[in-house]
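In: Return atomic coordinates for the entry below.
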Amino acid sequence: MTRKYEADVVVAGGGPAGLTAALAAGRQGASVILIERYGFVGGMSTAASVYPWMTFHTSHGEQVIKGIAQEIVDRLMERGGSPGHLRDTIGFTYSVTPYDAEIFKLLAVEMLKEAGVKLLAHSFVDEVSVQGQTIRSVRLTGKSGRIDVFGKQFVDATGDADVAHLAGAATLKGREQDGRTQPMTMKFRMRGVDIEAVRQAILANPQNFYHKTLFSELDRLPLTSVSGFYAEWKAANVPINRDQVLFFTGPAADEVLVNCTRVQGLDATDVEQLTQAEEEGRRQVLLMAEFMQKHIPGFANASISSVGTQIGIRESRRIDGLYCLSLADVVQGRRFDDGIARSGYPVDLHDPTGKGIASAFIEGGGAYDIPYRCLIPKGIDNLLAAGRCISTSHEALATTRLTPSCMATGQAAGTAAALAAKGGTSVTDVDIERLRDALRQANAVI
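Out: Below you'll find the model as predicted:
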């Protein structure tokens, strides 16, 4: 017999976007069910070790992402789970926010309980029931067998636009000319790293590192991030298609998170290709660790301490929404009348086929708006997207995909879904000023 649940708002995906969406909806007084395939929430932040969170600020240091995202950071800090926002010593962004993933996992569930959200973990959406342009329910597969979850409003925070796709909404994938997506990365941690030796190597040979690195401030700032070791990488000729070494320090004093593997040409929405990506990513982890132990100062006595539960996914499916955020919108720092979130993260486009990363920085005040229309898929009246699968171009996704931005769009989607459920309207009929006012009252920056 199929088990049945019902709620005002049903959120699929318990990553940063889904978490904040569920919290926002619950705090608006809606009954909420959050569906998560793993036994813990946090998405890419916990399952794929996407660390640290980048960035809550513009390049000028103005904080443009607050709300629930900042509350999470504050509460982590209270528990010793984060030092808060620190300067990005690479200099690509203004800040990075280290966090302890295990403390975050528990805090997130506690916050969900406080907001009255029902969490269904170990559950995977595999079918969507649609009548006309309205989703009636989603069907889950899990240890309990089949479960039908009925709702008034739905939020797709799966990262891969799974709900939108299964509902028959139009979706996009990859770059426009060939559908190629940004590479996947299997991230891993190493312990036993001599961070001071790394710092001294940077100061001794600045030209061997990213040109924006805060060289003149490394004697007073904690070393949070490193990009470079170009000479060592080139000489070793490691068979990974990239051009630099990239890692982030913490949360422990001798620990780093290595972001160097690069799996290209595979589709994260195809089970066979995703399986292949996992294998290739783990093979590259061992190659990278051996290279760093042999060639990078400070890593001689280091060893792998953990590897992501799954490979990190930068790009897969995204909705074809009522508005598609463009590269020009981002770079020009465009404002929108229906803006529901802001972001100051530059375009950080990892080449789908080549070695490099294409960057573009935001003009003017250093931030751009994300309009509400980017959360609304065409053809479905009671569905919103949040996080990595909102409606953007391939290039614009290279900034909206970052965790703080996903948290911000999640808070907006959850708030809007609760307002629509309460008012008995479609998501397109939500009063935008009422939504923006509700977000402001919840300390979001818009």
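
In: what's the pLDDT at I357?
Out: Listed pLDDT for I357 reads 89.

In: Could you list everything it pairs with in the sheet?
Out: Beta-bridge pairing for I357 (DSSP bridges): H350.

In: Near it, how many other residues are there?
Out: 18 (other C-beta atoms under 10 Å). Any C-beta I mention is one placed from the backbone N, CA and C, and that applies to glycine too.

In: Who are the contact partners of it?
Out: If you count contacts by C-beta atoms under 8 Å, 6 or more residues apart in numbering, I357 has them with D348, L349, H350, D351.

In: so A17 makes contact with A412?
Out: No - counting by C-beta atoms under 8 Å, A17 sits too far from A412 to count as a contact (9.8 Å).

In: which residues of the stretch 201-350 of the chain fall in helices?
Out: Taking DSSP state H, counting those that start in this stretch as the test, the helices found in the stretch 201-350 of the chain are 230-236, 271-295, 327-331.

In: Can you add mean neighbour count, mean pLDDT and distance to S129 and give those helices back as a markdown table?
Out: Listed next are the helices of the stretch 201-350 of the chain as a markdown table, based on neighbours: other C-beta atoms under 10 Å; pLDDT from 0 to 100; distance: least, C-beta to C-beta, whole Å:
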| stretch | mean neighbour count | mean pLDDT | distance to S129 |
| --- | --- | --- | --- |
| helix 230-236 | 15 | 98 | 51 |
| helix 271-295 | 17 | 98 | 23 |
| helix 327-331 | 20 | 98 | 35 |
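
In: could you dump those to CSV with distance to G424?
Out: Conversion of the helices of the stretch 201-350 of the chain to CSV gives the following (distance: least, C-beta to C-beta, whole Å):
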stretch, distance to G424
helix 230-236, 58
helix 271-295, 38
helix 327-331, 32
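
In: between these, which one is nearest to Q70?
Out: Checking those against Q70 by C-beta to C-beta gives helix 327-331 as the closest, at 22.1 Å.

In: Overlap in contacts, A17 and A412.
Out: What both A17 and A412 touch, as defined by C-beta under 8 Å, 6+ apart, is the set A386.

In: what's the span of stretch 212-231 from first residue to last?
Out: Length of stretch 212-231, first residue to last, C-alpha to C-alpha, to the nearest Å: 17 Å.

In: Can you list the buried residues in it?
Out: For stretch 212-231, a neighbour-count test (16 or more other C-beta atoms under 10 Å) marks T213, L214, L218, L223, T224, S225, V226, S227, G228, F229, Y230 as buried.

In: try stretch 60-79
Out: So for stretch 60-79, counting by 16+ other C-beta under 10 Å, buried means 63-73, 75-76.

In: In a markdown table, list those residues along with distance to E110.
Out: Converted to a markdown table, those look like this (distance: C-beta to C-beta, whole Å):
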| residue | distance to E110 |
| --- | --- |
| Q63 | 25 |
| V64 | 27 |
| I65 | 22 |
| K66 | 20 |
| G67 | 18 |
| I68 | 14 |
| A69 | 16 |
| Q70 | 17 |
| E71 | 12 |
| I72 | 11 |
| V73 | 15 |
| R75 | 9 |
| L76 | 12 |
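
In: Just to be sure, which of those are found in helices?
Out: The members of the buried residues of stretch 60-79 that map onto helices under DSSP state H are G67, I68, A69, Q70, E71, I72, V73, R75, L76.

In: ok so, going back, need the max-distance pair from the buried residues of stretch 212-231.
Out: Most distant of the buried residues of stretch 212-231, by C-beta to C-beta, are T224 and Y230, 19.7 Å apart.

In: Lowest average confidence across helices and strands of the chain, where is it?
Out: Least confident element among the helices and strands of the chain, by mean pLDDT, DSSP states H and E: strand 357-360 (a mean of 93).

In: which element follows it toward the C-terminus?
Out: Next in sequence after strand 357-360, counting helices and strands by DSSP states H and E, comes strand 368-371.

In: thinking again about what came up before, chain center to the least confident helix or strand of the chain: distance?
Out: 18 Å (C-alpha atoms, centre = their mean, to the nearest Å).

In: How about stretch 282-299?
Out: Its chain's average C-alpha position is 26 Å from that of stretch 282-299, according to C-alpha atoms, centre = their mean.

In: Give me the contacts around it.
Out: For stretch 282-299, the external contacting residues (C-beta under 8 Å, 6+ apart) are 186, 188, 190, 193-198, 200-201, 229, 232-233, 235-236, 238-240, 245, 258, 260-263, 300, 302-304, 307.

In: Kindly recompute the last result at 6 Å.
Out: For stretch 282-299, the surrounding residues in contact (C-beta atoms under 6 Å, 6 or more residues apart in numbering) are 186, 188, 193-194, 197-198, 201, 229, 232, 236, 238, 240, 260-261, 304, 307.

In: Can you give me the domain assignment for this protein?
Out: Using automatic domain parsing, the domain ranges for the chain come out as 3-79+101-177+316-441, 188-307.

In: Please work out which of those is packed deepest.
Out: A comparison of those by mean neighbour count, using mean count of other C-beta atoms under 10 Å, puts domain 3-79+101-177+316-441 on top with a mean of 22.

In: returning to that earlier point: mind checking which of the domains of the chain is nearest G91?
Out: The closest of the domains of the chain to G91 is domain 188-307. By C-beta to C-beta, the value is 3.3 Å.

In: Can you give me the end-to-end span of that closest one?
Out: 4 Å.
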